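> what follows is a protein structure lacking sequence information:
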């Protein structure tokens, strides 16, 4: 079985991360999930995540197989599902897994790292959102103990709808 190593991303990982995103976005679009495109997420977004010490990668066989930003950044629109966004929460953003490594549990491992980060920081709430057309995450999040809280729009992604999920630890 392939071993998954979860570690903080470094600036030197950006080319591999961008290759992963370039691989994932067309598949997302083909499935009707328009959450990402050729402009987002981009090198600047990932550079900022790394500089803020909030980007993680999953490695399999010394290759970047997945990525996620583990942040405390909550969208203002989260209030629309009844969440108190002044309450500290670990929020996972920009979660992606290379199609070459699907089925190995990489997304679950990255979300597990978010939970470990919450425990390290003594934060009791985990949150995540996903496009309403992302069937894979809608199956995964409940399996990991996340509860659907509702549906929102996001001002920076007009025309799209997102499901919000929360997990209390």
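Thanks, I have it. Note that the coordinates shown come from a computational prediction; the quantities given were computed from them, not determined experimentally. Residues are numbered from 1 along each chain as shown.
> the bottom helix or strand of the chain by mean pLDDT?
For the chain, the helix or strand with the lowest mean confidence is helix 14-30, at a mean of 91 (criterion: mean pLDDT, DSSP states H and E).
> name the residues of that helix that are buried.
Residues 14, 16-18, 20-21, 24-25, 28 are the ones in helix 14-30 that count as buried (16 or more other Cβ atoms under 10 Å). Where C-beta positions appear, they are placed from N, C-alpha and C, glycine not excepted.
> can I get these in a markdown table with distance to residue 110?
Listed next are those as a markdown table, based on distance: Cβ to Cβ, whole Å:
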| residue | distance to residue 110 |
| --- | --- |
| 14 | 17 |
| 16 | 15 |
| 17 | 13 |
| 18 | 17 |
| 20 | 12 |
| 21 | 15 |
| 24 | 14 |
| 25 | 18 |
| 28 | 17 |
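> ok, those vs residue 84, which is closest?
For the buried residues of helix 14-30, the residue nearest residue 84 by Cβ to Cβ is residue 28; the value is 30.8 Å.
> out of everything not next to it in sequence, what's closest to that closest one?
With Cβ to Cβ, 6 or more residues apart in numbering as the criterion, residue 28 has its nearest non-adjacent residue at 5.9 Å, and that residue is residue 36.
> quick one on the thing from earlier: show the average pLDDT along the following helix or strand past the least confident helix or strand of the chain.
The helix or strand immediately downstream of helix 14-30 is helix 43-51, counting by DSSP states H and E. Mean per-residue pLDDT for helix 43-51: 96.
> need the contact partners of the helix or strand that helix 43-51 is followed by.
The first helix or strand that comes after helix 43-51 along the chain, using DSSP H and E, is strand 55-60. Strand 55-60 has contacts (Cβ atoms under 8 Å, 6 or more residues apart in numbering) with 2-9, 13, 16-17, 46, 49, 64-70, 94, 97, 101, 104, 106, 109-110, 113.
> and for stretch 86-96?
The contact list for stretch 86-96 (Cβ under 8 Å, 6+ apart) reads 20-21, 24, 41, 45-46, 49, 55, 66-74, 83, 107, 110-111, 114-115, 117-118, 121, 123, 125-128, 137, 166.
> report the buried residues of it.
For stretch 86-96, the neighbour count (16+ other Cβ under 10 Å) marks 89-96 as buried.
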